[in-house]
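J.: coordinates for the following, if possible.
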Amino acid sequence: MFSRALRPIATVAFQNGAKNFSTSPEMQFKVMVAGAAGGIGQPLSLLLKMDPLVSTLALYDLAPFTPGVAADLSHMDTPSKVLGYRGPDELPSAIADAHVVVIPAGVPRKPGMTRDDLFNVNASIVRDLTQCIAVHAPKAMICIITNPVNSMVPIASEVMKKNGVYDPNRIFGVTTLDIVRSRTFIGQINGVDPKTVKIPVIGGHSGVTIIPVLSQCKPAPQIQEQAKIDALTKRIQEAGTEVVKAKAGAGSATLSMGWSGAMFTHSVLRGLKGEENVVECAYVKSDVTEAKYFANPICFGKNGIAKNLGYGQLNAYEQKLLQIAMPELKKNIEKGEKFVK
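T.: Numbering: from 1, shown residues only. All right, here's what the predicted structure looks like:
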């Protein structure tokens with residue numbers, strides 16, 4: 001009974017639009033996780049092992065116990081094959097023929113650190129991983145979780161450009177956790193199941209660049225006072241710091257990020273297999289605003305971004321948030337581009 005009770009979790013975990021899964025070989029994909037032994041990588045890999053669209057799960061990390069993580073997950077009674085790879089020499093094999101590469105690799109935030117403080121270490125990691133992707137899986141969808149996302153996506157883009165294989169429709173900054181948090185907080189306020197809440201979060205993935213578009217939320221948040229709207233907005237923007245402080249130096253958001261990363265990856269896979277109207281917010285190359293990269297709802301397809309849906313109508317408060325975010329966002333983007341150039 002216990003085993004049977006657990007099996008529906010795969011459906012629950014990917015409930016956002018996940019219907020009529022096909023398990024035929026042509027509808028399954030190789031997903032590679034870079035940083036699979038880390039705090040985000042392990043729960044992310046656990047959830048991806050449960051995804052019926054994943055036929056091969058390649059786990060890569062520098063940690064010596066990475067093959068052990070792969071062995072552990074391989075004992076789960078789901079059909080996907082799990083392979084473990086450790087160290088730079090094995091990275092090309094891990095990446096080869098991957099349809100999707102998910103990158104949570106990097107150092108986590110500690111109390112007092114901003115995402116920008118992580119830049120120097122994490123920038124080198126993303127640069128080197130993307131270089132290998134450019135050579136061994138240039139058509140892969142690249143899903144970047146590593147912070148600061150606002151700078152890491154431009155880094156990956158510049159590396160792909162240098163290798164002559166750049167496709168802006170295949171590189172994504174994963175901002176799903178901002179949406180997940182928004183749904184959770186609004187669900188609590190409204191007293192409803194968070195899964196029923198639909199809200200776009202636009203801009204970027206740090207501090208003031210995170211802009212929850214509460215005016216477009218359905219159902220609308222049951223708060224009218226501007227002070228409460230401002231407090232909710234700030235909580236969403238600083239939710240990562242909330243977790244860092246609560247963990248008291250033991251790490252940052254790992255479990256909720258693993259959940260969010262798996263949901264995003266599943267949406268990418270649904271687009272790859274030809275489903276229509278698969279929509280998620282993501283931080284991508286953009287001409288929607290004056291910033292070169294911007295997060296807003298996009299529609300996935302067989303070649304990555306099928307359509308950028310923009311961000312619709314903003315109220316006066318949200319327009320002000322966008323004005324505040326823009327200088328920070330452009331600074332983050334420029335920092336990433338300069339790192340590669």
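J.: what are the buried residues along the strand or helix carrying Ser182?
T.: Assessed by DSSP states H and E, Ser182 sits inside helix 176-190. By 16 or more other C-beta atoms under 10 Å, the buried positions in helix 176-190 come out as 176-187, 190. Every residue, glycine included, has its C-beta placed from N, CA and C.
J.: ok, stretch 116-134 next?
T.: Neighbour-count burial for stretch 116-134 [16+ other C-beta under 10 Å]: 116, 118-119, 122-123, 125-127, 129-134.
J.: roughly how far out does it sit from the chain middle?
T.: In terms of C-alpha atoms, centre = their mean, to the nearest Å, the centre of stretch 116-134 is found 16 Å from the chain centre.
J.: next: stretch 90-106.
T.: Put simply, stretch 90-106 sits 15 Å off its chain's centre (C-alpha atoms, centre = their mean).
J.: any idea of the mean pLDDT in it?
T.: The pLDDT scores in stretch 90-106 average 97.
J.: domains in the protein, by residue range?
T.: Using automatic domain parsing, the domain parsing of the chain gives 2-173, 176-340.
J.: end to end, how far does the last one reach?
T.: The stretch domain 176-340 measures 26 Å between its terminal residues, going by C-alpha to C-alpha, to the nearest Å.
J.: and that domain, what's its mean pLDDT?
T.: Mean per-residue pLDDT for domain 176-340: 97.
J.: can you name the residues in contact with the helix holding Ser182?
T.: Helix 176-190 is contacted by residues 193-201, 205, 210, 212, 214, 217, 219, 221-223, 232, 235-236, 239-240, 253, 256-257, 259-261, 263-264, 280-282 when judged by C-beta atoms under 8 Å, 6 or more residues apart in numbering.
J.: in what helix or strand does Ile223 lie?
T.: Per DSSP H and E, there is no helix or strand for Ile223.
J.: does it really touch Ile229, like I thought?
T.: Yes: assessed by C-beta atoms under 8 Å, Ile223 is found in contact with Ile229 at 6.0 Å.
J.: higher neighbour count, the two?
T.: Ile229 (18 against 15; other C-beta atoms under 10 Å).
J.: what secondary structure does the more buried one sit in?
T.: Per DSSP: H, G, I helix; E, B strand; the rest coil, the local secondary structure of Ile229 is helix.
J.: I'd like to know how far it sits from Gly203.
T.: For Ile229, the distance to Gly203 (C-beta to C-beta, to the nearest Å) stands at 17 Å.
J.: next, the contact list for Glu318, please.
T.: When contacts are counted by C-beta under 8 Å, 6+ apart, Glu318 touches 211, 213-215.
J.: can you tell me the SS state at it?
T.: What three-state DSSP gives for Glu318 is helix.
J.: do Val279 as well
T.: Under three-state DSSP, Val279 falls in the strand class.
J.: sorry, back to before: among the contacts of Glu318, who's most crowded?
T.: Sorting the contacts of Glu318 by how many neighbours each has (other C-beta under 10 Å) puts Ile211 first, at 27 neighbours.
J.: you'd agree that residue is up against Ile202?
T.: Yes: assessed by C-beta under 8 Å, Ile211 is found in contact with Ile202 at 4.9 Å.
J.: what's across from Gly304 in the sheet?
T.: Beta-bridge pairing of Gly304 under DSSP bridges involves Gly301.
J.: packing partners for the helix or strand containing Arg127?
T.: Assigned by DSSP H and E, Arg127 belongs to helix 119-136. Judged by 3 or more C-beta pairs under 8 Å, 6 or more residues apart in numbering; DSSP states H and E, helix 119-136 is in contact with helix 91-95, strand 100-103, strand 141-144, helix 149-162, helix 316-340.
J.: avg pLDDT for the fourth one?
T.: Along helix 149-162, the predicted confidence averages to a pLDDT of 98.
J.: mind listing what's buried in the very next helix or strand once past that helix?
T.: Per DSSP H and E, helix 149-162 leads on to strand 171-173 as the next helix or strand towards the C-terminus. By neighbour count on 16+ other C-beta under 10 Å, the buried set for strand 171-173 is 171-173.
J.: pull the distance from strand 171-173 to the chain's centre.
T.: Mean-position distance between strand 171-173 and its chain equals 8 Å (C-alpha atoms, centre = their mean).
J.: coming back round to it: got a markdown table for the contacts of Glu318, with secondary structure and distance to Lys245 too?
T.: Below are the contacts of Glu318 laid out as a markdown table (DSSP: H, G, I helix; E, B strand; the rest coil; distance: C-beta to C-beta, whole Å):
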| residue | secondary structure | distance to Lys245 |
| --- | --- | --- |
| Ile211 | strand | 23 |
| Val213 | coil | 26 |
| Leu214 | helix | 24 |
| Ser215 | helix | 29 |
